[in-house]
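>>> Below are the sequence and a predicted model; questions follow.
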Amino acid sequence: DAGITQSPRHKVTETGTPVTLRCHQTENHRYMYWYRQDPGHGLRLIHYSYGVKDTDKGEVSDGYSVSRSKTEDFLLTLESATSSQTSVYFCAIREDRGPPEQYFGPGTRLTVT
Amino acid sequence: SQQGEEDPQALSIQEGENATMNCSYKTSINNLQWYRQNSGRGLVHLILIRSNEREKHSGRLRVTLDTSKKSSSLLITASRAADTASYFCAGYNQGGKLIFGQGTELSVKP
């Protein structure tokens, strides 16, 4: 395992409620990513971070915000969850100067009812 | 959308047969990679092929890259039931973001 954990692993929430997903790494890598995976779409990048307090938007960032106050933690927040945000969310990390492959966490299955 | 396109979307073969999956992009990408995802799990990196490479091998995996056609293929030889999984291609776009294909679901029957 690449030393990445995600919490919670499963969550059911109601439309309009805020939700925060946590990604934790033990590798001390600068680069961290949040993706969502939906049938027929593969993985799509939501937000990424290239260091503490340094974040940027991905392809599907609307409705999501992120924060990174420590190297090891990257938080994804849905300010007001909608049913279209029902998905499986994956966190990934990448070595700072090594090969460009990414290492993925186990995922969080989020259901918004 | 910059997403890669993969075909076939699903592939069912017998153990011992070879499996070939293809991936194409509309935009230029580099550092083309292939990942495997077992059901309910995260993605696992399999192999990377750089833009100046045409073919790469790793165990039973063979990857080819055709930059002029913006396409890549993954060949798994002598498949096993344990190879049953979804396979995704992914490449970095000009903005440095990893763009994934939609995946090929491989089923290897014993």
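Great, that's in hand. Numbers count the residues shown, from 1 in each chain, chains lettered A, B, ... in the order given.
>>> count of neighbours near whichever residue of chain B sits closest to chain A?
Among the residues of chain B, residue B:42 lies closest to chain A, at 3.7 Å counting by C-beta to the nearest C-beta. Backbone N, C-alpha and C define where each C-beta goes, glycine included. If you count neighbours by other C-beta atoms under 10 Å in any protein chain shown, residue B:42 ends up with 21.
>>> wait, what's in contact with it?
A:4, A:90, A:104, A:105, A:106, A:107 (C-beta atoms under 8 Å, 6 or more residues apart in numbering or on different chains).
>>> do the same with residue A:60
A:36, A:44, A:45, A:46.
>>> is it possible to export those residues to CSV including distance to chain B and secondary structure?
Below are the contacts of residue A:60 laid out as CSV (distance: C-beta to the nearest C-beta, whole Å; DSSP: H, G, I helix; E, B strand; the rest coil):
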residue, distance to chain B, secondary structure
A:36, 11, strand
A:44, 7, strand
A:45, 6, strand
A:46, 11, strand
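>>> Which two of those have the greatest separation?
Using C-beta to C-beta, these span at most 8.6 Å, a distance reached by A:36 and A:45.
>>> the more surrounded of these two?
residue A:36 (23 against 20).
>>> If that one is in a bridge, with which residues?
With beta bridges defined as DSSP bridges, residue A:36 has these partners: residue A:44, residue A:89.
>>> show me what contacts the residue sitting nearest the centre point of chain A?
Most central in chain A under C-alpha atoms, centre = their mean is residue A:34, positioned 2.9 Å from the mean C-alpha point. Applying C-beta under 8 Å, 6+ apart, we find residue A:34 in contact with A:21, A:23, A:45-48, A:58, A:64, A:66, A:74, A:76, A:89-91.
>>> That one: which element?
Residue A:34 belongs to strand A:31-38 when assigned by DSSP states H and E.
>>> what does residue B:87 give?
strand B:85-92.
>>> coming back round to it: could you list which of the contacts of residue B:42 belong to helices?
With helices defined by DSSP state H, no entry of these lies inside them.
>>> And those, which is closest to chain B?
Closest to chain B, out of all of the contacts of residue B:42 and judged by C-beta to the nearest C-beta, is residue A:104, at 3.7 Å.
>>> ok, that closest one touching residue B:44?
Yes: here residue A:104 reaches residue B:44: they are 7.4 Å apart, a contact under C-beta atoms under 8 Å.
>>> Same drill for the two, tell me which one is more crowded.
residue A:104 (22 against 14).
>>> How many residues are close by residue B:81?
11.
>>> what about the closest residue to residue A:28 other than its chain neighbours, how many residues close to it?
Nearest in space to residue A:28, with sequence neighbours left out and distances taken as C-beta to C-beta, 6 or more residues apart in numbering or on different chains, is residue A:71 at 5.9 Å. When neighbours are counted by other C-beta under 10 Å, residue A:71 registers 15.
>>> and residue A:71, what does it touch?
A:25, A:28, A:29, A:30, A:51, A:52.
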